[in-house]
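Colleague: the sequence isn't on hand, but the structure is:
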């Protein structure tokens, strides 16, 4: 009888651990299996204030095949606009940051900075716009980055070049 209870206990423990492991894998793989549709936002007339800077997202760590990005970004006086050619590899909890450091290339460049969080990334592909909070001096932020908040990982940085 003792062996029976031990077998039942092992069965339930295995079921509980398997469920927890399955849920954890589901949270990780969900964005890869069911990515949101591409975005197709447009700038409004109010957003089209003076163009301040432009940049291009890059693959900061070529040896990392999971965390990458590409496409252009335009920064206006009140809006950061990810252009229609924008794309990043899917993942959980991505955010768009303005970072007060030029040439961001690793996680430490963002973790140690007083960045401005513009909000969660709404799609892994396509045009998107993010309002810039009042009082932000864009001259102090020479980079826009895509950052994974859940794992504190740099996905893709863009160095900004001032518009003429």
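Modeller: Cool, got the structure. Here the structure is a predicted model, which means the values were calculated and not measured.

Colleague: per-residue pLDDT, the residue nearest to the spatial centre of the chain?
Modeller: Compute the mean C-alpha point of the chain, and by Cα atoms, centre = their mean the closest residue is residue 94, 2.7 Å away. Per-residue confidence (pLDDT) for residue 94: 96.

Colleague: who does the helix or strand of the chain with the lowest mean pLDDT pair up with?
Modeller: Here the helix or strand of the chain ranked lowest by mean pLDDT, DSSP states H and E is strand 39-40, holding a mean of 73. For strand 39-40, the paired strands and their directions (DSSP bridges) read strand 126-131 (parallel).

Colleague: how is this protein carved up into domains?
Modeller: Per automatic domain parsing, the structural domains of the chain span 1-34, 39-162.

Colleague: next SSE after the strand or helix carrying residue 98?
Modeller: Assessed by DSSP states H and E, residue 98 sits inside strand 94-99. Once strand 94-99 ends, the next helix or strand along the chain (criterion: DSSP H and E) is helix 107-111.

Colleague: what about the strands in this protein?
Modeller: For the chain, strands defined by DSSP state E occupy the ranges 39-40, 51-57, 69-76, 79-82, 87-88, 94-99, 116-120, 126-131, 143-148, 153-162.

Colleague: how about a markdown table for those, with distance to residue 13 added?
Modeller: C-beta coordinates here come from the backbone N, C-alpha and C atoms, glycine included. Converted to a markdown table, the strands of the chain look like this (distance: least, Cβ to Cβ, whole Å):
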| stretch | distance to residue 13 |
| --- | --- |
| strand 39-40 | 44 |
| strand 51-57 | 46 |
| strand 69-76 | 42 |
| strand 79-82 | 47 |
| strand 87-88 | 39 |
| strand 94-99 | 36 |
| strand 116-120 | 37 |
| strand 126-131 | 45 |
| strand 143-148 | 32 |
| strand 153-162 | 33 |
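
Colleague: weakest of those in terms of mean pLDDT?
Modeller: Averaging pLDDT over each of these puts strand 39-40 lowest, since it has a mean of 73.

Colleague: contact partners for the closest residue in space to residue 163 that isn't next to it in sequence?
Modeller: Excluding its sequence neighbours, the residue lying closest to residue 163 (Cβ to Cβ, 6 or more residues apart in numbering) is residue 51, at 4.5 Å. Applying Cβ atoms under 8 Å, 6 or more residues apart in numbering to residue 51 gives the contacts 74-76, 163.

Colleague: by neighbours, which of those residues wins?
Modeller: Greatest neighbour count in these, by other Cβ atoms under 10 Å, goes to residue 75: 24 neighbours.
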